[in-house]
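In: Have a look; sequence and predicted model below, questions after that.
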Amino acid sequence: MEHEITLVVNGVARRVSVPARRLLSDCLRHDLGLTGTHVGCEHGVCGCCTVLLDGQPVRSCLTFAVTVDGRELTTVEGLAGPDRLSPVQRAFAECHGLQCGFCTPGFLCTVTALLAENPAPTEEEVLEGVSGNLCRCTGYQNIVKAVHRAAELLAEES
Amino acid sequence: MTTRLFGEPVARREDPRLLTGQGRYLDDLGRDALAAAFVRSPHAHARIRDIDVGPALDVPGLVAIYTWEDLPERVGRALPLLIPHPALTHGRTAYPLARHVVRHVGEPVVMVVAADRYTAEDACALIEVDYEPLKPVVGLEEAVQGAQLVHDDVPGNVGAHLVQEVAAADGRGAREAIETAPHTLAFRLDIERSASMPLEGRGVYARWDGHDLRVYSSTQTSTSVRMAVAAALGLPLPQVEVIAPDVGGGFGVKIVHPWPEEILIPWAAMTLGRELKWSEDRREHFISSAHERGQVQYVRAGFDDDGRVLGLDVTILHDHGAYTPYGIIVPIVTSTQLLGPYKLGAYRVEFSAVYTNTVQVTPYRGAGRPQGVFCMERTMDKIARYLGKDRTEVRAVNLIQPEEFPYDQRMTFQDGRPLIYDSGNYPEMLRMIKELIGWDDFVRAPGRGIGIGCYVEGTGVGPYEGGHVQVTSDGRVHVSTGLTSQGQGHETAFAQIAATELGVPIERISVVTGDTRRFGYAVGTFASRAAVVSGNAIALACRKVREKALRIAAGALEADPSDLQITDGVVHVVGAPTASIPLSTVAVLANPLRYAFDEETAKATQFSGTASPDRPPVAEGEEPGLEGRDYYSPIRSTFAAGMHAAVVETDPDTAEIRIVRYAVVHDCGRLINPMIVEGQIHGGVAQGVGGALYERMVYDSHGQLVNASFMDFLMPYATEVPHIETAHLETPSPLNPLGIKGAGEAGVIPVSAVIASAIEDAEGIAIDRMPISPSELFGLRTAHAR
Amino acid sequence: MKPPPFEYHAPGDLGAALRTLAEVRGKVLAGGQSLIPMLNMRLTAPEYLVDINRVASLGGIDVTEAGVRVGALARHSEVERAGAHPLLTRALKLVAHPVIRNRGTVVGSLVHADPAAELPAVLAVLGGSVRVARWEGHTQVVRDVPAADFFTGPMESAVQPGELAVSAFFPALGFRTGDAFEEVARRHGDYALAGVCAVVTLDEEAYVTAAKVACIGVGPVPVVVDVSEASGHCPVHELDWAEVGRLVQSAVEPEDDIHASAAYRRHLVGVLAERALWKAAREGAAIRGA
């Protein structure tokens, strides 16, 4: 049986018909064509599929699309401003915080929410904040650096 | 702006797309394609009695079900043995779908095609396979006893046996040198299995239009997949194109080809006349993609009072899993790279590549080196401890000296060529790492130790790579090379090379990798070879283009080519900047036209007066267009090197192990982009930390992989990786025009050795088995106290 | 790794949820952070899934002097931020990772009853309870299950098919009472290899009047050990906490698994019990005059 749901994704209301078991990650990627959200484990450990649900980061692979009917979602495609990358995106580029880029959307969503809640995190808070996202390429050194840099950019621009 | 970009930390050109969700990874393609899923063996070893697909036939959305019996003869053949070797007397490979027997949990048995992956999995769940379980072979020591066989026709489960021996200067063999040495030590070392584990699994997507086949694969080698697919499907090569899109990490596992799915998906797409895609899920990746690292080593060393190694004798049991599609590259690399930066008196190494009923073993970043380095560095530490000497002192007396290069280790390396180190400065490197970590000032305390590990890595192996460079009439430069990218920043590094060679702003340069439509000849991305081999090929191709551009510009400017320079994409006469012509115009002039399509190209048409009426428009020996193609085929590998050191603290009560400091000194010759090199080292070290303290593949006695999830296979998070301090030494390679060596694998190689060294120092207990967990350290403490 | 098909119900209020559950006896979906991985791996295949996320009345945290009542839809992060109960807040920081805690629920963790999870230990050491409701005839029937009866085995709780755990109650810590949660996990955020949470109450003379621990990862359910007697004979600063730790150690019977041996786990329990009790006692002493 299919369920008609509406998801407000990156500010746009999208109507879609999905079976109850459709994972939010698959709904975003395959039903809505927003393939920036990646799927790395489908058991909630790697964090690649992290998106913002009403501003809070959640695992889209551990969420059924039907459950979040009517809610607001932000994916990596919705992070940039109209004419430039967001401070978090720019900081990741500046600090070489990504290599293959597969885990990156999950980190970007997680860090965006982290800095919204805590604009000047300590080293420990940064580590705790990204501690649920796996990266196999960077060894995290430059990701941690990028989070601090993003905090600086946000402070400069606010 | 300057166009001299080689050596600069240029911002990555792939980032804008990857940061905005615009990357195109395998599963992002083919939105309307059918989906495939596989029934995989739940048994480590079993005979297939019967397969009943009946119960699955009513699943709505089911399109097709295939077993081995359904495959045409050519498609159903055993997969190729990619790298044959005379010592691999009993090489064995799998069938694309299991034929009669399964030899590890996860081996594909049935392929299901359905409307989407959900329904494909529904159908898989309903297919009944009747297995006759056979006794599995698990564990190296059980395997070599040979009581049970993985392959009926491989006695003792030994697929390959190879001995390499290098005699001492006086002609004595290693064993004799050890017997007569003033001191000897004998010990056993164990290294457990881990895996590449990229965050994107493998995946294949195929489209057949009735004549041409296009295959996308998340691979480290699109050209080789292309040849394998064409061969298996009986298609002429020009009708097959293979593209590696953005690839979410490789680390070795994606160099193997063709994976069963790389044959089956294109075949089924052709058979069904439908687009078809398979995206590997994490569970599949654990049980059906490759693992690496598992070895047992028996070591004997003879040495003098200074710790100089007079003879070393190593016997290796190498766990090869169920099949050997990639030959015996991994144990060969272990055997040869074990030597590290040292010159030994005599050396003998013997390995047996052993079959077990587990996932096949093929290279994972480091590819046998971490095991070899573990062996040599543990040996150095044990000698130091035995003689009561500082561990770095023992290393120092064994180092190859700068004036001894090229240094011939008198062995045969993984490329079949002599193991001759091209360049290096190991004593300086040792000085640097000691200074960086503060070795001489380290204050030892219970539960606090320092460790060191040194390695040499053969990088940039052949046979070759090529580069194609084309300047179009808009002044843009299009660079392509056949090998693929999985996050190493090739689009940036290769653009830096082209910008520097051609004198063109990097913004005008684009780079394409891994697309057989653009470049058909290549080997692949592995063995830290992309920068060395493709980098130099691209540089050579650029030089051809530059030469041609100067020649054409010289004609137009009525100057001598040797008086010309290219700066910011403009060819000009040295010292007379007004006498100039943009490369875009040179590109137009390089291609005589009959038809114009804009103002610029009108300059090259037949009535424009730019060409001499006395010569053919395209002179003899020339080709139209401002483009060049060249290849770089190294005579031998380059040899990068590094030394790492770490400080660890062990909790006296809980036996938790914490890396307090981690320092790296690294030499990969000239750096193209130091930011990227540093990133490669960081990532390697993190994987090394995983291999030292967290990651292992745990098989039970039934051959079940009991930790096949990210819950239980413990890849480090940011909270587990220490801050990494780095320093660089640049010893250019004399072997290639750019003087570079590879850096891709470097970081991972010595980490287990370094951490073992540091824990041993902190605990005063021999650490001979890696990885090590707090529970295991507790066990060692308990045994030691007895 | 896609979930098998199921029939989906998303009732809008508690009555509807209970009636649905009574009728179909389905699996309850709240945060889904444990259930959905199992579905994705097809380790479970319920015929019916009852999604309670639309039952607004199940949200919320109710703080009284007696303690904290946490509704079935209160997410870990929400309860953590509320900071209404020191031990619960402390334990929540140890549950998985922040992003999982944004979705996972406190009551869900209790019902999931993983023997290595932190929250069951908190409920157990505090002697809290879980309120369970079901639909019978034409009405809602509610029962409160004390922690001691709630955890019935590894991944097994007292919630019966057709029932819904609607809230959990965590009794407040008394006067001059300190608490601590000590654990060792392989990676930050992993399930603990072993963990001990402790609650210690002192009298005015800094003698222990009550001391209790709950241990995780070392038995089928949280192992509660009352060490009041063993620690009450002298002021906390003079007490041999290592000896008390050994007493706790003797009460557990851990097993081997791929991450740790039984012997190591047993050893850890001793170390962690000593650390947790001492920390809790110090904290209790620090707020002595309060």
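Out: Good, I have the coordinates.

In: in the helix or strand bottoming out on mean pLDDT in chain B, what's buried?
Out: Of all helical and strand segments in chain B, the minimum by mean pLDDT, DSSP states H and E falls on helix B:599-602, at a mean of 82. By neighbour count, with 16 or more other C-beta atoms under 10 Å in any protein chain shown as the criterion, the buried positions of helix B:599-602 are B:600-601. C-beta: built from backbone N, CA, C; applies to glycine.

In: contact partners of it?
Out: Counting by C-beta atoms under 8 Å, 6 or more residues apart in numbering or on different chains, the neighbours of helix B:599-602 from elsewhere in the structure are B:473-474, B:584-585, B:588, B:593, B:596, B:608.

In: Only C-alpha atoms, please: export it in CSV.
Out: C-alpha atoms of helix B:599-602 as CSV (Å, rounded to 0.1, in the frame of the first residue of the first chain):
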residue,chain,number,x,y,z
GLU,B,599,34.6,34.7,-35.2
GLU,B,600,37.7,33.1,-33.7
THR,B,601,37.4,30.0,-35.9
ALA,B,602,36.9,32.1,-39.0
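
In: residue boundaries of the strands in chain A?
Out: When secondary structure is read from DSSP state E, chain A shows strands at A:2-9, A:12-19, A:50-53, A:56-59, A:72-74.

In: Could you save those as TSV and add columns showing distance to C:Pro235 and mean pLDDT?
Out: As requested, the strands of chain A are arranged in TSV below (distance: least, C-beta to C-beta, whole Å; pLDDT from 0 to 100):
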stretch	distance to C:Pro235	mean pLDDT
strand A:2-9	61	97
strand A:12-19	64	98
strand A:50-53	50	98
strand A:56-59	46	98
strand A:72-74	56	98
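
In: Nearest to chain C, out of these?
Out: Nearest to chain C, of all the strands of chain A, is strand A:56-59, at 4.7 Å by C-beta to the nearest C-beta.

In: can you give me the helices for the stretch 651-786 of chain B?
Out: B:674-689, B:751-763, B:774-785 (DSSP state H, counting those that start in this stretch).

In: Export those helices to CSV and append columns for distance to chain C.
Out: As requested, the helices of the stretch 651-786 of chain B are exported to CSV (distance: least, C-beta to the nearest C-beta, whole Å):
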stretch, distance to chain C
helix B:674-689, 11
helix B:751-763, 15
helix B:774-785, 4
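
In: re earlier: may I ask which of the contacts of helix B:599-602 has the most neighbours?
Out: Of the contacts of helix B:599-602, B:Val588 is surrounded by the most neighbours, 28 neighbours in total, counting by other C-beta atoms under 10 Å in any protein chain shown.

In: From B:Pro582, how far off is that residue?
Out: Relative to B:Pro582, B:Val588 is positioned 10 Å away (C-beta to C-beta, to the nearest Å).

In: I'd guessed B:Phe38 sits against B:Ala123; true?
Out: No - the criterion here is C-beta atoms under 8 Å, and B:Phe38 misses it with B:Ala123 at 10.8 Å.

In: can you list residues touching both of the two?
Out: Overlap of the contact sets of B:Phe38 and B:Ala123 (by C-beta under 8 Å, 6+ apart) consists of B:Val112.

In: would you list every one of the strands in the stretch 401-550 of chain B?
Out: In the stretch 401-550 of chain B, the segments counted as strands under DSSP state E, counting those that start in this stretch are B:407-412, B:418-421, B:448-459, B:465-471, B:477-481, B:509-513.

In: quick one on the thing from earlier: dump the strands of chain A into TSV; add mean neighbour count and distance to chain B as well.
Out: As requested, these are exported to TSV (neighbours: other C-beta atoms under 10 Å in any protein chain shown; distance: least, C-beta to the nearest C-beta, whole Å):
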stretch	mean neighbour count	distance to chain B
strand A:2-9	16	12
strand A:12-19	14	8
strand A:50-53	27	11
strand A:56-59	27	12
strand A:72-74	21	11
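
In: any chance of those strands in CSV, with distance to B:Arg629 too?
Out: Formatted as CSV, the strands of chain A follow (distance: least, C-beta to C-beta, whole Å):
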stretch, distance to B:Arg629
strand A:2-9, 45
strand A:12-19, 46
strand A:50-53, 44
strand A:56-59, 47
strand A:72-74, 46
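
In: Can I get stretch C:229-237 in CSV, CA atoms only?
Out: Output of stretch C:229-237 as CSV, limited to C-alpha atoms (Å, rounded to 0.1, in the frame of the first residue of the first chain):
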residue,chain,number,x,y,z
GLU,C,229,26.0,-2.6,54.4
ALA,C,230,29.6,-3.1,53.1
SER,C,231,30.2,0.6,52.9
GLY,C,232,28.4,1.9,56.0
HIS,C,233,31.0,1.1,58.7
CYS,C,234,33.2,4.1,58.4
PRO,C,235,33.3,7.6,56.9
VAL,C,236,33.5,7.6,53.1
HIS,C,237,37.0,9.0,53.0
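
In: who in the stretch 401-550 of chain B is up against chain A?
Out: With the criterion set to C-beta under 8 Å from any C-beta of the partner chain, the stretch 401-550 of chain B comes near chain A through B:486-489.

In: Would you confirm that C:Tyr48 contacts C:Ala22?
Out: No - taking C-beta under 8 Å as the definition, C:Tyr48 is not a contact partner of C:Ala22, at 11.7 Å.

In: which one is the residue nearest to the spatial centre of chain A nearest to, not counting chain neighbours?
Out: Centroid check for chain A by C-alpha atoms, centre = their mean gives A:Cys109 as the closest residue, at 2.7 Å. The shortest distance from A:Cys109 to any non-neighbouring residue, by C-beta to C-beta, 6 or more residues apart in numbering or on different chains, is to A:Thr50 (4.8 Å).

In: where does chain B dip in pLDDT?
Out: Flagging of chain B using pLDDT under 70 yields the residue ranges B:1-4.

In: Quickly list the domain ranges of it.
Out: Following automatic domain parsing, one gets these domains for chain B: B:33-134+B:202-279, B:160-191+B:291-461+B:635-785, B:463-632.

In: Export the ones you listed as a markdown table, with columns for distance to A:Gly44.
Out: Shown next, in a markdown table, are the domains of chain B (distance: least, C-beta to C-beta, whole Å):
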| stretch | distance to A:Gly44 |
| --- | --- |
| domain B:33-134+B:202-279 | 18 |
| domain B:160-191+B:291-461+B:635-785 | 9 |
| domain B:463-632 | 23 |
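
In: What separation do you get for the closest residue to chain A within the stretch 151-300 of chain B and chain C?
Out: When you check the stretch 151-300 of chain B against chain A by C-beta to the nearest C-beta, the closest residue turns out to be B:Gly248, at 3.1 Å. Counting by C-beta to the nearest C-beta, to the nearest Å, the separation of B:Gly248 from chain C is 16 Å.

In: next one: B:His285
Out: In this structure, B:His285 and chain C are 10 Å apart, going by C-beta to the nearest C-beta.

In: Need the nearest residue in space to that residue, chain neighbours excluded.
Out: Of all residues beyond its chain neighbours, the one nearest B:His285 is B:Gly201 (4.4 Å), with distances taken as C-beta to C-beta, 6+ apart.

In: ok, now which ones touch that neighbour?
Out: Under the criterion of C-beta under 8 Å, 6+ apart, the neighbours of B:Gly201 are B:218, B:279-282, B:284-285, B:289.

In: Could you do C:Leu39 as well?
Out: Applying C-beta under 8 Å, 6+ apart to C:Leu39 gives the contacts A:21, C:3-4, C:45.

In: Tell me the secondary structure of it, please.
Out: The three-state assignment at C:Leu39 reads helix, by DSSP: H, G, I helix; E, B strand; the rest coil.

In: quick one on the thing from earlier: and of the residues of the stretch 401-550 of chain B next to chain A, the nearest to B:Val101?
Out: Of all those, B:Gln486 has the smallest distance to B:Val101: 33.3 Å, by C-beta to C-beta.

In: buried sites along stretch B:68-80?
Out: Within stretch B:68-80, judged by 16+ other C-beta under 10 Å, the buried ones are B:68, B:71, B:75-77, B:79-80.
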